[in-house]
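A.B. asks: show me the folded form of this:
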Amino acid sequence: MSGRNYIWENNSCVARWESGVYADVSGNFRTTPTTDQMTIKTILENFHKDKTISDETIDSIQNDIELKIAFINHFRQHKDREFVLALLDTFIAVRQDPSGEMPAENLMFACYILGLHNQIEDSLKIWEAKIADFDTYCGLDIQLVPFAGVKETIDFLKKQTTEEGKKAFDYVSECYKCGDFDNLDEYFSKETLPWWI
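C.D. replies: A predicted model of the protein is given here:
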C-alpha cells in the first residue's frame, strides 16, 4: 500500500487506500476481501457469544488500520462498553505478559474507543493502561484519561480513595497545570484521527 487518503462522510473519517481498500463506519467494506479479514460485526458477535476476546480478534485489530478506523467511527455512533472494557483488559493483560506483544499504540486505540463511551469512571481504567508498565507510563498519551472533560475528570479523580486514584488525580492535575490538555478538543475531534493511527 503506498499512500493514504482520508475522506469524510457524515462527519466521520473513513480511510481509502490508493490500492482501493475502503473501510466504512461498519467496517464491512473491503475491495479485496479474504476469509481471514474480520469485520466489526463478526468481532462483536463472537464476543457476545462467549464474552472473550480471541487471539484472532487481537491480531486483526493490531494489524488492520482500516479496522481500527472503522471501530472508531462505529463507536462514535454505537455503544458497546462491555466489549471495549473487555478489549482493554485483554490488551493490558497481553502487554503485561512477558511473552505477549502489545504496542502502546494498540493500548491507546482501546483507551480511545473506551473514551468514546463517555463514562467518566472509565478514566480510571485508562489510567490502569497508562501504568501497565514503565514504557506505557511514559508513552501512553495522558490526553486519553480526561476524555469526559478535564475539569470533570479532575473532580471525579479528586473523590477517589484508592492509592491509584489519588496518583491519577495528582498526575492529571499536574498535566492540566502544565497545559497538556490545551488541545484536548482536537485530540477527540471527529475531523482528525489520533496520531498513533
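
A.B. asks: where does this protein have low pLDDT?
C.D. replies: 1-37 (pLDDT under 70).

A.B. asks: tell me where this structure has helices.
C.D. replies: Secondary structure of the chain (DSSP state H): helices at 40-50, 55-63, 65-77, 81-96, 104-115, 122-130, 134-139, 150-158, 163-178, 184-187.

A.B. asks: contacting residues around the nearest residue to residue 158 once chain neighbours are set aside?
C.D. replies: Among residues not flanking residue 158 along the chain, residue 169 sits closest, at 5.4 Å (Cβ to Cβ, 6 or more residues apart in numbering). (Each C-beta comes from the backbone N, C-alpha and C, glycine too.) Residue 169 makes contact with 154, 157, 158, 160, according to Cβ atoms under 8 Å, 6 or more residues apart in numbering.

A.B. asks: which one among those gets closest to residue 60?
C.D. replies: residue 157 (33.6 Å; Cβ to Cβ).

A.B. asks: so the closest one touches residue 174, yeah?
C.D. replies: No: look at residue 157 against residue 174 with Cβ atoms under 8 Å: they stay out of range, at 11.8 Å.

A.B. asks: more neighbours: which of those two?
C.D. replies: residue 157 (23 against 11; other Cβ atoms under 10 Å).

A.B. asks: what sits closest to the more buried one if chain neighbours are left out?
C.D. replies: Ranked by Cβ to Cβ, 6+ apart and with sequence neighbours excluded, the top spatial neighbour of residue 157 is residue 169, at 3.7 Å.
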